[in-house]
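Engineer: Build the 3D model from these lines:
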Amino acid sequence: MKIVFIGAGNLATNLALEISQSEHQIVQVFSRTWESASLLAEKVNCEPVNEMSKVVCDADLYIVSVKDDALEMLIPELCKGREDKMFVHTAGSMPMDVFKDYARHYGVFYPMQTFTKDKKVAFENIPIFIEGCGAFETSFLKRLAEQISRSVYELDSDNRKYLHLSAVFACNFANHCVAIGQRILENHHIPGSVLRPLVMETMDKASSHSAAEVQTGPAIRDDRNVMEKQMQLLEKQPELQQIYEMMSKSIFKFKR
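Structural biologist: You can find the predicted model right below:
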């Protein structure tokens, strides 16, 4: 297939690099920012464009990987004159039907992973969730997904919202807690890197067991003495006190 990427962010970069190693040809990368388009286009050996009018009309697939708030504004302009082509977006939180009034063939291609531009990931281990507006579109996207991943699932827009919500808790919030821990250490001249073995072991246990069953710490034991002392350490940071208290209550409630 001839494929155009709309967007050049973290997810688009990783997905484009993976697809470029397959039998498909990426012909263009579009980004409103010329620098971003050029950077990714150079990596996948294709043409960069930063004007929608210059996006080719004869590609087989247009993969839209942009911020949610830009997606709905961009789709009408992108689909115009290309209504019979295949369009997908890669957002976990957006419904498939954002394409409904503008294209005949559309769907969702959502790899559930955290991405950064400068870190290559093993796509064969990433679960990809697809949704098509019909049987043909679903089959089309399933074939593409199976070329790069061993874990491909069909999931509708309503349930994908909960998938994305779970990812926010498991990834974004968990990462933020690590960031808080690192900052506490660094504020007291202890290298944040000492948390690495603990974080790795925690994630390993959580991924190989039920996370709730392997929970440890003062909150699960309802060790009020330790928790009160730690709350006092945060007395000059009331927002962290609030997080600490709410997380501790939630952990203990899960146990019950």
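Engineer: now the strands: where do they sit in the stretch 51-200 of the chain?
Structural biologist: Assigned by DSSP state E, counting those that start in this stretch, the strands in the stretch 51-200 of the chain fall at 61-64, 86-89, 105-111, 128-132, 152-154.
Engineer: Thr33 is nearest to which of these?
Structural biologist: The minimum distance between Thr33 and the strands of the stretch 51-200 of the chain falls on strand 61-64, with 15.9 Å, by C-beta to C-beta. Glycine gets a C-beta too; all of them are placed from N, C-alpha and C.
Engineer: What pairs with that closest one, parallel or antiparallel?
Structural biologist: Strand 61-64 has its sheet partners listed here by DSSP bridges as strand 2-6 (parallel), strand 86-89 (parallel).
Engineer: Nearest to Phe99, out of these?
Structural biologist: So among these, strand 86-89 is nearest, using C-beta to C-beta, at 5.3 Å.
Engineer: Rounded mean pLDDT for that closest one, please.
Structural biologist: For strand 86-89, the mean pLDDT works out to 98.
Engineer: Relative to Met246, how far out is the residue of the chain most remote from its centre?
Structural biologist: Residue farthest from the centre of the chain, counting by C-alpha atoms, centre = their mean, is Asn225 at 39.0 Å. Using C-beta to C-beta, to the nearest Å, Asn225 is found at 20 Å from Met246.
Engineer: Same check on Arg221?
Structural biologist: In terms of C-beta to C-beta, Arg221 sits 18 Å off from Met246.
Engineer: Of these two, which one has the most company?
Structural biologist: Neighbour count, other C-beta atoms under 10 Å: between Arg221 and Met246, Arg221 has more, with 14 against 10.
Engineer: per-residue confidence at that one?
Structural biologist: At Arg221, the pLDDT value in this model is 94.
Engineer: can you offset everything so residue one is 29?
Structural biologist: Got it, first residue is 29 now, which makes that one Arg249.
Engineer: Now do the domain split for this structure, please.
Structural biologist: 30-183, 189-283 (the TED database).
Engineer: Endpoints of the last one, how far apart?
Structural biologist: Terminal residues of domain 189-283 are spaced 26 Å apart (C-alpha to C-alpha, to the nearest Å).
Engineer: circling back to that earlier point, highest average neighbour count across the strands paired with strand 89-92?
Structural biologist: Mean neighbour count (mean count of other C-beta atoms under 10 Å) peaks for strand 114-117 among the strands paired with strand 89-92, with a mean of 26.
Engineer: Show me the helices in the stretch 29-178 of the chain, by range?
Structural biologist: Remark: helices assigned in the stretch 29-178 of the chain by DSSP state H, counting those that start in this stretch are 38-47, 62-72, 96-107, 163-174.
Engineer: Figure out which of these is closest to Gln243.
Structural biologist: helix 38-47 (30.5 Å).
Engineer: what angle do the closest one and strand 156-160 make?
Structural biologist: Calculated by axes from the mean of the first three to the mean of the last three C-alpha atoms, to 10 degrees, helix 38-47 forms an angle of 90 degrees with strand 156-160.
Engineer: what distance separates helix 38-47 from the centre of its chain?
Structural biologist: With C-alpha atoms, centre = their mean, to the nearest Å as the basis, helix 38-47 stands 12 Å off its chain's centre.
Engineer: List of residues touching stretch 233-241?
Structural biologist: For stretch 233-241, the surrounding residues in contact (C-beta atoms under 8 Å, 6 or more residues apart in numbering) are 242, 282-283.
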